[in-house]
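Asks: Dropping the sequence and predicted coords here.
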Amino acid sequence: MKIDFANLQYQHSLYKEEIEQAVFSVMQKCNFIMGEEITGLEKSLADFTGAKHAITCSSGTDALLLAMMTLDIQAGDEIITTPFTFIATAETIARLGAIPVFVDIDEISYNIDSSKIEAAITPKTKAIIPVSLYGQPADMDEIESIADNYNLKVIIDGAQSFGSTYKDKMDSNLGDISCTSFFPAKPLGCYGDGGAVFTDDETLSEKLKSLRLHGQTKRYHHKYIGIGGRLDTIQAAVLNVKLKYYRDDLSLRQHVAAIYTDTLKEKNIILPFVKSDRTSAWAQYSIRIQNRDLVQTKLKEAGIPTAVHYPIPLHLQECFNYLGYREGDFPISEKIAREILSLPMNPYLSNEEILYITKKLSKC
Ligand SMILES: Cc1ncc(COP(=O)(O)O)c(C=O)c1O
């Protein structure tokens, strides 16, 4: 058997005609920048998430950059985040000249440990960026309450969690600004790079829209120093189709995760744990094992692709040497980085395929 990790080809085959028609229509109109596909998508994204404003942009990375620029994050400001995430979370902080301040994760959800945040706050702290890793929101009540007490902003890095919920609210609808990514392999992916930013605040929304358009407020009038951060209209056309079916995709991902958990629960493997007051978008189904390299090799031989999200926590990345962190500073992140392994995850894994994967895994 040969298993596909994200199975984008099958997904394309499902929606092929509608997507090709939508893309073709953009090409026929030659209206490649902004236009009705973008405004339509932004309205559908706001409806889907419950956020008052959805602003599309060029990627999840640019969504984070735009969020911080909108909140006036300046060089020297300290931003608290997790070291156990994709580089973009902290890279964008540093790109603005601000300082990523890492706080270790909790060993259950792999998200930032909210009980350790307060100790990292200084007079220079301006914001907290929790990441909803693998699709599961962080402890938002605790984080929002700390932010309120210290007058900090909260920006959610929801690149992996579009459609997830925390106490029945979508995570795009939490924090001051919430960001997501439409990178192809994300739960809701487009056919290239794409992202979106969400907020309930009208003023922030206007500034976000301006910043993604070179800080323009009126043609050739630039109020802010912005970026060229628009979503391509062709990508919006793809997303308009895929968003219609996304609720089904989410349920299928939940079903796949439930079967994995059911089949693996008796084995000597640490399984993902989603806290009872939230749901995951299941961007990844990541387990923990001791002999990871060997298991990866054996699964590969059996036609089962796996991935490691992420092998090196950010405080140990070369580009962040200047921050002065050392090995041992965030022991939980370091331990999980050694043990974590993502199994194939997509809405279309059949029961038979999951059983094949779990059987091979049990034999490793
Ligand atoms: C946690 C996290 N943040 C940010 C990003 C950046 O998103 P993009 O690849 O769309 O720029 C990603 C994507 O891989 C991610 O997983």
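Replies: That came through, no problem. Numbers count the residues shown, from 1 in each chain.

Asks: Following the record's annotation, map out the domains of this structure.
Replies: Using automatic domain parsing, the domain parsing of the chain gives 8-244, 246-363.

Asks: could those domains go into TSV alongside mean pLDDT?
Replies: Output for those, formatted as TSV (pLDDT from 0 to 100):
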stretch	mean pLDDT
domain 8-244	98
domain 246-363	97
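
Asks: and residue 2, which of those domains is closest to it?
Replies: With respect to residue 2, and counting by CB to CB, the nearest of the domains of the chain is domain 246-363 at 4.2 Å. C-beta here means a position set from N, CA and C on the backbone, and glycine is covered the same way.

Asks: So is that closest one next to the ligand?
Replies: No - on the criterion CB under 6 Å from any ligand atom, domain 246-363 is out of touch with the ligand, staying 7.5 Å away.

Asks: How far off centre is that domain?
Replies: Relative to the centre of its chain, domain 246-363 is centred 15 Å away, using CA atoms, centre = their mean, to the nearest Å.

Asks: For it, measure first residue to last.
Replies: With CA to CA, to the nearest Å as the measure, domain 246-363 spans 35 Å from end to end.

Asks: do the same with stretch 105-123
Replies: End to end - CA to CA - stretch 105-123 spans 23 Å.

Asks: Name the residues of it that are buried.
Replies: 105, 106, 109, 110, 111, 112, 113, 114, 117, 120, 121 (16 or more other CB atoms under 10 Å).

Asks: What are the contacting residues of that stretch?
Replies: With contact meaning CB atoms under 8 Å, 6 or more residues apart in numbering, stretch 105-123 is reached by 78, 80-84, 101-104, 128, 130-134, 136-139, 142-143, 146, 150, 152, 273-275, 286, 330, 332-333, 335-336, 340.

Asks: just so I have it, where are all the helices in the stretch 101-250 of the chain?
Replies: 140-150, 202-211, 233-244, 246-264 (DSSP state H, counting those that start in this stretch).

Asks: Give the other helices and strands that the shortest one contacts.
Replies: The one in question is helix 202-211. Using 3 or more CB pairs under 8 Å, 6 or more residues apart in numbering; DSSP states H and E as the contact test, the elements touching helix 202-211 are strand 53-57, helix 60-70, strand 195-199.

Asks: Check the first one too.
Replies: Helix 140-150 makes packing contacts with strand 125-129, strand 153-157 when contacts are defined by 3+ CB pairs under 8 Å, 6+ apart.

Asks: As JSON lines, these with distance to the ligand would be great.
Replies: Shown next, in JSON lines, are the helices and strands packed on helix 140-150 (distance: least, CB to the nearest ligand atom, whole Å):
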{"stretch": "strand 125-129", "distance to the ligand": "9"}
{"stretch": "strand 153-157", "distance to the ligand": "5"}
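
Asks: of all those strands, which lies closest to residue 47?
Replies: Nearest to residue 47, of the helices and strands packed on helix 140-150 and by CB to CB, is strand 153-157 at 19.1 Å.

Asks: quick one: contacts of that closest one?
Replies: 60, 64, 67-68, 71, 81, 85, 88-89, 126-132, 137, 143-144, 147, 171-172, 174-179.

Asks: Smallest distance to the ligand belongs to which residue of the stretch 51-200 of the chain?
Replies: residue 60 (2.5 Å; CB to the nearest ligand atom).

Asks: Name the nearest residue to that residue, ignoring sequence neighbours.
Replies: residue 181 (2.6 Å; CB to CB, 6 or more residues apart in numbering).
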